[in-house]
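Engineer: With the input below, show me the fold.
(one chain, ligands or ions: 1)
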Amino acid sequence: MCLRLFSWLLLLFCLDLFRRELPGAHADSVTLPSAAKTLVWGPGLETNIVLPARFFYVQAVDSSGRNLTTSPGENTFEVKMVSPVEQFTRIWIQVLDRKDGSFLVRYRMYATYTDLHIHILLKNKPVAKSPFILKGPVYHEGCDCPQPSGPVWEADMHCPQSFPQIERDLALYASVDPDRNAQEIPQRFGQRQSLCHYTVQDNKVYVRTFGEHVGFRIFMDAILLSLTRKLSFRGLQARMCNIFMNMQECSSLI
Ligand SMILES: *[C@@H]1O[C@H](CO)[C@@H](O)[C@H](O)[C@H]1NC(C)=O
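Structural biologist: Residues are numbered from 1 along each chain as shown. As a prediction, this is how the structure comes out:
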């Protein structure tokens with residue numbers, strides 16, 4: 001009887017050991033990221049790509065150079081931002097685990113800082129070429145700091161040379177008469193719909209609304225105001241002057 005009990009206990013003990021060993025064995029087979037090999041890229045590492053929220057990516061790579069395809073844990077990488085000329089920086093930072101071995105880092109600045117240093121750390125070791133240094137004034141979303149030159153802004157933002165689909169669509173029209181549009185569009189669409197006519201003049205945004213349901217204009221207002229803080233439309237008046245938005249489309253999307 002005693003012997004039987006003993007062997008039962010032994011068996012349980014062995015089972016328990018076995019069970020405890022499993023997680024350890026599992027951990028060995030999960031590859032760990034390497035700070036030196038991990039990849040970091042994206043627009044949020046460039047001074048002049050000013051966006052409401054700036055962002056960049058981190059792809060975990062192991063010491064043999066293979067990309068991780070599962071999450072190494074959501075707190076694997078630590079991101080800190082400092083400016084050498086400021087004691088405190090007010091920046092909201094979010095490191096989003098995409099669960100496929102990569103991370104999306106988003107940050108939103110509440111002030112403009114000079115020479116922003118972005119530190120990306122893996123167990124206190126600098127990742128890739130960390131710290132990434134954004135030189136010069138790094139503007140925040142609310143800064144009224146428009147780039148005066150359209151071509152410079154387009155180059156800063158890495159805009160494509162052309163948008164083939166838009167060009168194909170507009171190729172149907174030999175010429176566009178903005179004055180005629182400004183008259184005819186409200187007549188044809190301004191009665192029962194929710195039409196907004198925006199004009200950008202002297203880099204200020206003006207709006208005239210037609211129809212009842214124009215509350216959705218807040219989205220377009222926000223986009224245009226954000227753009228005029230980043231780019232001066234003064235030189236582009238002739239092309240940019242009139243913008244029509246039919247808000248009916250927005251309301252059916254939402
Ligand atoms: C690893 O991921 C990066 C970023 O997505 C990609 O550019 C690269 O080609 C991948 N490398 C391999 C070996 O698959």
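Engineer: Next, count neighbours for the residue lying closest to S226 once chain neighbours are set aside.
Structural biologist: Distances taken as CB to CB, 6 or more residues apart in numbering place P52 nearest to S226, at 6.3 Å, with adjacent residues excluded. Quick note: C-beta positions are derived from backbone N, CA and C, even for glycine. Neighbour count of P52, defined by other CB atoms under 10 Å: 12.
Engineer: Show the pLDDT at P52.
Structural biologist: At P52 the predicted local confidence, pLDDT, stands at 91.
Engineer: pretty sure it contacts E141?
Structural biologist: Yes - between P52 and E141 there is a contact at 4.6 Å, judged by CB atoms under 8 Å.
Engineer: hey, what's in contact with both of the two?
Structural biologist: Common neighbours of P52 and E141 (criterion: CB atoms under 8 Å, 6 or more residues apart in numbering): R108, S226.
Engineer: circling back to that earlier point, can you give me the distance of the residue nearest to S226 to the ligand?
Structural biologist: 24 Å (CB to the nearest ligand atom, to the nearest Å).
Engineer: and if you look at D100?
Structural biologist: 9 Å.
Engineer: Next: K204.
Structural biologist: For K204 relative to the ligand (CB to the nearest ligand atom), the value is 41 Å.
Engineer: what residues are up against R229?
Structural biologist: E141, G142, C143, D144, C145, P146.
Engineer: what's across from the residue in the stretch 51-200 of the chain that the ligand sits nearest to in the sheet?
Structural biologist: In the stretch 51-200 of the chain, the residue that lies nearest the ligand is N67 (3.7 Å; CB to the nearest ligand atom). On the basis of DSSP bridges, N67 takes part in beta bridges with V61.
Engineer: which residues touch it?
Structural biologist: Taking CB under 8 Å, 6+ apart, one finds L39, Q59, A60, V61, G101 in contact with N67.
Engineer: Could you count how many residues lie near the second one?
Structural biologist: The reference is to Q59. By other CB under 10 Å, neighbour count at Q59 equals 18.
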